[in-house]
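> make a model of this:
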Amino acid sequence: MSATTERTAAPEHRQEPPTGTHTPWPHALRTALLAAVAVCTVLLAFAWPSVTAKVQNLPVAAVGSAEQIAQITSQAPAGALDVRTASSRDDAVNLIKQRQVYGAIVLGASPEILVASAGSPVASQALTQMGAQMQSQIQAQVIAKLQAALAQAAQGAATGTPPQSGQGTPPAAVPQVAVTDVVPLSSDDPRGTGLAVAGLPLAMGGMIGGVLISLLVSGTWRRLGAILAYGVIAGLGLAGILQGWFHTLQGSYWANAGAIGLGVVATAAIIVGLNALIGRAGIAVGAVITLFVGNPLSSLTQPKEFLPAPWGDVGQWMVPGASGTLLRDLSYFPDASAAFPWLVLACWAVAGAVLIAVGHFRNAPAVAEA
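I've put the predicted structure just below:
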């Protein structure tokens, strides 16, 4: 048999791929662990603010004597209210419109609960429930007085003693606790869901623009120009949808468009700036800051006071929280000072521009050498 025949008859042995092409088991397990940690972090980021939030430190105004205020507020859970005295009902209304309080309790002959559903539907609901408790308490007091008057009258009739002045007289009719919404939401968005839900798309919009500009545009001035153009176009478009179509936003269209545009610019600038400074990892860092930190702490669905301290205030220093507060002020609270959220958004936008410039000058020698 020839050598060629032997080679043909011999069984074919296929060479196995080298061991180096397979991922080592430790590395595969580390990857699985990292993925599990990531998904747990995402769950904590979005669920933690809602799970840990509770009715606490809610700023409300109160009109009445010290004894009346203490008697009513003592019925609320400990630490639920941050009561601030107002001299009159008009004073309380002004405090609400300036967003210094979420509502007010007016005591006296005509008790009333003042709410502002545009400020926070959750706070408005809590104060409305407090009004129902006040009504029950007033009814209980009137019934107790009526029973006392009847008992005195019966005792006087049995002994033949005439009632003294004021004794045995039934109390007047039970006063009704009125609930007045001094700053209501739009009739097209009576529950305020539109403004709350709009926070995530606005944050995502800034992220999308930042990622695309980071990957598709080069050059410091061109990137800055693209961010500004994106902010203008996105602000006009998103404000047109939220105000002209959904009627979620109120007030001046141009002011709302400017607020949305500045928020988009701030987010996009930070992502582009971090990308210019540390590379592709900067995109992930910017997304984490916006989506997993800023958005859950934005307090778009509940008062910031309901979050564990100091996270409610921290959220107002982030782009999503400042954007949501600014849009709510522009739409429903023209008397409130909006300087702080404007300043926060401007600072984030300037910080992003500085990062873009620093990243450009830092990488300039390497680019020139290449």
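> and G352, how many neighbours does it have?
Using other CB atoms under 10 Å, G352 has 26 other residues around it. Bear in mind the C-beta positions are built from the backbone N, C-alpha and C, glycine included.
> ok, V55 next?
The number of residues packed near V55 is 18, by other CB under 10 Å.
> kindly report the same for Q133.
Neighbours around Q133, by other CB under 10 Å: 13.
> now it: how far from V37?
Distance, Q133 to V37, by CB to CB, to the nearest Å: 45 Å.
> what of V63?
The spacing between V63 and V37, counted by CB to CB, is 52 Å.
> same thing with K304?
In terms of CB to CB, K304 sits 28 Å off from V37.
> so for those two, which sits in the more crowded spot?
The residue with more neighbours, out of K304 and V37, is K304; 22 against 10, by other CB under 10 Å.
> ok, that one - contacts?
312-313, 315-316, 321 (CB atoms under 8 Å, 6 or more residues apart in numbering).
> grab the nearest non-local neighbour of A92.
A104 (3.6 Å; CB to CB, 6 or more residues apart in numbering).
> number of nearby residues for the one you found?
For A104, the neighbour count with other CB under 10 Å is 26.
> and it, how far from Q133?
16 Å.
> now R99
Counting by CB to CB, the separation of R99 from Q133 is 25 Å.
> again, but for D82
Taken as CB to CB, the span from D82 to Q133 is 18 Å.
> repeat for G231
Distance check for G231 against Q133: by CB to CB, it reads 47 Å.
> then V217?
From V217 to Q133 the distance is 58 Å (CB to CB).
> once you drop chain neighbours, what's closest to G359?
Closest residue to G359 apart from its sequence neighbours, by CB to CB, 6+ apart: A276 at 2.8 Å.
> elements contacting the helix or strand containing A268?
Here A268 sits within helix 253-278, counting by DSSP states H and E. Judged by 3 or more CB pairs under 8 Å, 6 or more residues apart in numbering; DSSP states H and E, helix 253-278 is in contact with helix 199-216, helix 220-239, helix 281-287, helix 319-332, helix 339-369.
> any idea how this structure splits into domains?
Here the domain assignment for the chain is 58-181, 193-369, based on automatic domain parsing.
> just so I know, which of these lies nearest R30?
domain 193-369 (18.2 Å; CB to CB).
> run the chain-centre distance for the closest one.
Chain-centre distance of domain 193-369: 15 Å, with CA atoms, centre = their mean, to the nearest Å.
> try stretch 132-141
In this view, stretch 132-141 has its centroid 33 Å away from the chain centroid, taken as CA atoms, centre = their mean.
> for that stretch, list the C-alpha coordinates in CSV.
C-alpha atoms of stretch 132-141 as CSV (Å, rounded to 0.1, in the frame of the first residue of the first chain):
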residue,chain,number,x,y,z
ALA,A,132,-61.7,65.3,56.1
GLN,A,133,-60.1,64.6,59.4
MET,A,134,-60.8,68.1,60.5
GLN,A,135,-64.4,67.8,59.6
SER,A,136,-64.7,64.6,61.7
GLN,A,137,-63.0,66.3,64.6
ILE,A,138,-65.3,69.4,64.4
GLN,A,139,-68.4,67.1,64.2
ALA,A,140,-67.2,65.2,67.3
GLN,A,141,-66.7,68.5,69.2
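> can you list the buried residues in that stretch?
By neighbour count on 16 or more other CB atoms under 10 Å, the buried set for stretch 132-141 is 134-135, 138.
> winner for burial among the domains of the chain?
Most buried of those by mean neighbour count (mean count of other CB atoms under 10 Å) is domain 193-369; its value is a mean of 19.
> can you give me the mean pLDDT across that one?
On average, the pLDDT along domain 193-369 is 92.
> if we can go back for a sec, save the helices and strands packed on helix 253-278 as a markdown table, and put in distance to G294 too.
Output for the helices and strands packed on helix 253-278, formatted as a markdown table (distance: least, CB to CB, whole Å):
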| stretch | distance to G294 |
| --- | --- |
| helix 199-216 | 7 |
| helix 220-239 | 17 |
| helix 281-287 | 10 |
| helix 319-332 | 4 |
| helix 339-369 | 10 |
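> for T41, which of the ones you listed is the nearest?
Minimum separation from T41 across these (CB to CB) falls at helix 281-287, 12.7 Å.
> what is the subsequent helix or strand relative to the closest one?
Using DSSP H and E, the next helix or strand after helix 281-287 towards the C-terminus is helix 311-316.
> who's in contact with the helix or strand in which R84 is found?
Element membership for R84 (DSSP H and E) is strand 81-85. Here strand 81-85 makes contact (CB under 8 Å, 6+ apart) with 57-63, 69, 73, 95, 100-101, 305.
> pLDDT check: weakest of these?
Of all the contacts of strand 81-85, T73 has the smallest pLDDT value, namely 79.
> quick check: that one touching A62?
Yes. Here T73 reaches A62: they are 7.2 Å apart, a contact under CB atoms under 8 Å.
> isn't P320 up against V293?
No. Taking contacts as CB under 8 Å, P320 lies outside contact range of V293: 9.1 Å.
> phi first, then psi, for the residue nearest in space to the middle of the chain.
The residue lying closest to the centre of the chain (CA atoms, centre = their mean) is S299, at 1.7 Å. S299 adopts backbone torsions of phi 60, psi 40, taken as degrees, to the nearest 10.
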